[in-house]
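Engineer: The sequence and its predicted three-dimensional model are supplied below.
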Amino acid sequence: MKLPKSSVERVGQALQRAELGDPRRKKRLTKTVAQLARKPRASLPEAMQSESELEGAYRLANNMSIHPQQLFDALAASAAERAMVAGDVLVIHDTTSCTFEHADPDEVGYLSTGKAGFYPHCSLVVEANAWKRPLGVVHLEIISRKQHSKRGRKNKASGLETARWKDRESTRWGRGIEISAERLATCRSVCHIADREGDSYTLLASMVGKGQSFVIRVNHDRRVGDPEALAEQWLPIKERVRSLKGIFEREVPLSERKRSSAPRANKGRPVRNARLAQLSFSATSVVVKRPGHLGASVPKTLTINVVHVIEPCPPTGEPAVEWLLFTTLPVASEKHVATVVDNYRARWTIEEFNKALKTGCAYESREFETLHALLMILAMSLPIACELLWLRSRARHDPDAPANEVVTPQQLKILRLMASRRLPPKPTARDALWAVAALGGHLKRNGEPGWLVLHRGMQTLLSYEAGFEAGLQASGKA
């Protein structure tokens, strides 16, 4: 995908707050980011327009006088400003991995596979309305492991031991939520969203104690009680919710889930076919008991709401959908429960954001050798990924948006001539994006186009455009 002029300008503005100590550095940063935004998937030599600009981009990425955190902080301030205007926002927290096949893990860091890479822990702000527009990254923390851990299960530390570790990686969830909450303090409402890794009793207790709103997917089958029961009767949470009566039902489209190369991932996210699932929704309040390995500094119990989502009659051979969601949002009515579920479903936005970063911006293909340079390029790529995600989301959810928001007038002219999918007289952004996808080999029956097929289509379109411009120059019409 190629960002239009308005998106390129927004990307540049996101980094304007960075104080780099020299106006020439800021000028170089603005120019480099703008050129990357115009061709997000292109290699650095291809994106830069001359040898001098390419050399300047390399010097900028490797300049040790600039700390990547300066750029991350500028992006966070820009995201917070947009969030204040939006008023009601969701903050989606997630950790992903970035792999660099060419790099030395002793320099960049080790992934659990032993390969070179690191783990960005990201807090992405999106509007809480139906559009769920990404507003930017309000917090980013990099986890770079200095050695490959080969610790087997025999040497695995107990919960009591890990709870005492001050530098354990799991504390990133609390930091991400705390820093995001501070930066978004001027917003009308903020709701934090996290997947199962966020299910920590300590974290839940902290958020409840501070009155923070959240929706976090349950990971542990904790023992819970009934807040209204006179005598304590502790049951596993899955057993407790089984008897709940459904408040309402809804048909929800489920995407295909392919087998992962990581065995543990298949257990938590089993393979499934795409389908329209009939789901039942119920909710209640529970008292959660403090785990035995935690000390008295953490509350003994928490009273919290839980939403249960279940597929009563899954197709033969397909795993049933089941979610358990902890939340501080109200669950007294059908509308309340629907809001909780819709907020959690917005978590998928950060998965798409990660794809926009890795595939749409080709971030893992950037062949820098040092962690510093890779983080500098990461900071430049984050606002571009936000714009890519917004453009594709708008093409999906706003069918009447004009086509010139995702392609240039010249590209639109080429699509009319070369695309197998015919464009209407006044094409929308969705029409244009599907025509680009068709150039990449996308078939309409396969549903919405993904990042890879859009990239292939855009590469083909750019090749056609280069030939078109060459023809104009040869004929003297350029």
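Structural biologist: Done, it's in.
Engineer: use CA for all of it now, contacts and neighbours both
Structural biologist: Fine.
Engineer: Contacts only, for the closest residue to R217 other than its chain neighbours.
Structural biologist: Of all residues not flanking R217 in the chain, L325 sits nearest, at 4.4 Å (Cα to Cα, 6 or more residues apart in numbering). With contact taken as Cα atoms under 8 Å, 6 or more residues apart in numbering, L325 is in contact with V215, I216, R217, V218, V306, V307, H308.
Engineer: Tell me what L325 is bridged to.
Structural biologist: R217, V307 (DSSP bridges).
Engineer: Quick check: the gap between it and A283.
Structural biologist: 9 Å (Cα to Cα, to the nearest Å).
Engineer: which residues do those two both contact?
Structural biologist: V306, V307, H308.
Engineer: Identify the residues contacting the closest residue to the first one other than its chain neighbours.
Structural biologist: Translated: V306. In space, and not counting its chain neighbours, V306 is closest to F326: 4.6 Å by Cα to Cα, 6+ apart. Shown in contact with F326 (Cα under 8 Å, 6+ apart): F214, V215, I216, R217, V218, I304, N305, V306, V307.
Engineer: and what of G56?
Structural biologist: With Cα under 8 Å, 6+ apart, G56 has these contacts: R28.
Engineer: helix/strand/coil for it?
Structural biologist: Of the three states, G56 takes helix under DSSP: H, G, I helix; E, B strand; the rest coil.
Engineer: confidence score at the residue nearest to P105 when sequence neighbours are not counted?
Structural biologist: In this structure, P105 finds its nearest non-sequential neighbour in A116, 4.1 Å apart by Cα to Cα, 6+ apart. Confidence at A116, expressed as pLDDT, is 95.
Engineer: give me the number of residues near A116?
Structural biologist: 23 (other Cα atoms under 10 Å).
Engineer: Tell me if I'm right that it and G109 touch.
Structural biologist: Yes: using Cα atoms under 8 Å, A116 is in contact with G109, at 5.6 Å.
Engineer: Helix, strand, or coil at L462?
Structural biologist: With three-state DSSP as the basis, the three-state label of L462 is helix.
Engineer: P402 and T428 touch, don't they?
Structural biologist: Yes: the pair P402 / T428 is scored as a contact, 4.6 Å apart, by Cα under 8 Å.
Engineer: Distance check, S200 against P236.
Structural biologist: On the measure of Cα to Cα, S200 and P236 end up 16 Å apart.
Engineer: again with M418
Structural biologist: 60 Å.
Engineer: Okay, domains of the protein per the record?
Structural biologist: For the chain, the structural domains run 1-151+167-195+347-383, 215-342, 398-474, going by automatic domain parsing.
Engineer: Could you list the low-confidence segments of the stretch 51-200 of the chain?
Structural biologist: Under the criterion pLDDT under 70, the flagged ranges of the stretch 51-200 of the chain are 149-167.
Engineer: Apply 80 and report the result again.
Structural biologist: Scanning the stretch 51-200 of the chain for pLDDT under 80 picks out the ranges 130-131, 148-167.
Engineer: for it, what spans make up the strands?
Structural biologist: 88-95, 98-99, 117-127, 134-143, 189-194 (DSSP state E, counting those that start in this stretch).
Engineer: And the first one, what does it pack against?
Structural biologist: This means strand 88-95. Where contact means 3 or more Cα pairs under 8 Å, 6 or more residues apart in numbering; DSSP states H and E, strand 88-95 is packed against strand 117-127, helix 172-183, strand 189-194, helix 348-355.
Engineer: Just the buried residues of the second one, please?
Structural biologist: Neighbour counts using 16 or more other Cα atoms under 10 Å place R172, W173, G174, G176, I177, E178, S180, A181, R183 of helix 172-183 among the buried residues.
Engineer: now do stretch 221-229
Structural biologist: For stretch 221-229, burial by neighbour count (16+ other Cα under 10 Å) applies to R222, R223, V224, G225, D226, P227.
Engineer: before we move on, what about stretch 318-332?
Structural biologist: Here stretch 318-332 shows A320, V321, W323, L324, L325, F326, T327, T328, L329, P330, V331 as buried, counting by 16+ other Cα under 10 Å.
Engineer: One more: stretch 380-395?
Structural biologist: Within stretch 380-395, the residues scored as buried using 16+ other Cα under 10 Å are 380-395.
Engineer: Those in helices, which ones?
Structural biologist: Among the buried residues of stretch 380-395, the members found in helices (DSSP state H) are 380-395.
Engineer: Pull the most distant pair out of those.
Structural biologist: M380 and A395 (24.1 Å; Cα to Cα).
Engineer: partners of the strand ranked longest in the chain, with directions?
Structural biologist: Using DSSP state E to define each element, the chain has its longest strand at strand 275-289. Using DSSP bridges, the strands paired with strand 275-289 in its sheet are strand 223-225 (antiparallel), strand 248-254 (antiparallel), strand 301-310 (antiparallel).
Engineer: Let me have the ones you listed in JSON lines, adding mean pLDDT as columns.
Structural biologist: Formatted as JSON lines, the strands paired with strand 275-289 follow (pLDDT from 0 to 100):
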{"stretch": "strand 223-225", "mean pLDDT": "92"}
{"stretch": "strand 248-254", "mean pLDDT": "84"}
{"stretch": "strand 301-310", "mean pLDDT": "95"}
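Engineer: Tell me how many other residues crowd P425.
Structural biologist: Neighbours around P425, by other Cα under 10 Å: 7.
Engineer: If you could redo that for A205, that was the one I meant.
Structural biologist: Counted with other Cα under 10 Å, residues neighbouring A205 total 20.
Engineer: repeat for A37
Structural biologist: 30.
Engineer: That one against E9, yeah?
Structural biologist: No: the criterion here is Cα under 8 Å, and A37 misses it with E9 at 9.2 Å.
Engineer: Distance check, Q147 against G109.
Structural biologist: Distance from Q147 to G109, by Cα to Cα: 7 Å.
Engineer: what residues does stretch 419-427 touch?
Structural biologist: Contacts with stretch 419-427, where a contact means Cα under 8 Å, 6+ apart, come from P402, A403, L415, R416, D431, A432, W434, A435, V436, A438, L439.
Engineer: Now tabulate the strands paired with strand 275-289 in TSV and tack on distance to A79.
Structural biologist: Output for the strands paired with strand 275-289, formatted as TSV (distance: least, Cα to Cα, whole Å):
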stretch	distance to A79
strand 223-225	38
strand 248-254	30
strand 301-310	30
